[in-house]
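Undergrad: predicted structure and sequence below. I'll ask about it afterward.
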Amino acid sequence: MSAKDIKRNWHHVDAKGQILGRIATDIATKLMGKNKPSFVPFLDNGDFVIVTNSALVKVTGRKAKQKVYFRHSGFPGGDKQESFEKLNLRRPNDIIKYAVSGMLPKSKLGKEMVKKLHIYSGEKHPFEKQLGAKV
């Protein structure tokens, strides 16, 4: 199997009312290409994934208040913390991106895989032709 033999499909995932971890594993599997019989771990043969309604994703239990996302500016004392609720109001697309990228390989290959993920907080997205054509 070589890179020119790879056929990529387009998948649409509606996150409305779905559980974050369960939807993230499904997306990561499609991005890696593990659902294809031609899967090999050293090639990026995954598909493109479009996620809509990312602002309406759910978490179970008390995670909405207790789950904390960390980031750092790179300067001393530059660490920031934000709960799931606040990040969902400010940047809902990042929640799904963080969950999925944590499930992908931590290498150049994983960085290429996450580029095939397109996340939108509403219903609209610019990839209607690709979904209809099934490239």
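TA: Perfect, I can see it now. Numbers count the residues shown, from 1 in each chain.

Undergrad: contacts and neighbour counts: CA atoms only from here.
TA: Noted.

Undergrad: in the longest helix along the chain, which residues are buried?
TA: As far as residue count goes, and with DSSP state H defining each element, the longest helix of the chain is helix 20-32. For helix 20-32, a neighbour-count test (16 or more other C-alpha atoms under 10 Å) marks 20, 21, 23, 24, 25, 27, 28, 29, 30, 31, 32 as buried.

Undergrad: same check on stretch 82-93?
TA: When burial is assessed from 16+ other C-alpha under 10 Å, stretch 82-93 yields the following buried residues: 84, 87, 88, 92, 93.

Undergrad: in which helix or strand does the nearest residue to the first one once chain neighbours are set aside reside?
TA: Closest residue to residue 84 in three dimensions, ignoring its sequence neighbours and counting by C-alpha to C-alpha, 6 or more residues apart in numbering: residue 64, at 5.1 Å. Here residue 64 sits within helix 63-66, counting by DSSP states H and E.

Undergrad: ok, residues contacting whichever strand or helix holds residue 49?
TA: Under DSSP H and E, the secondary-structure element containing residue 49 is strand 48-52. Residues lying outside strand 48-52 but in contact with it, judged by C-alpha atoms under 8 Å, 6 or more residues apart in numbering, are 8-16, 27, 30-31, 116-125.
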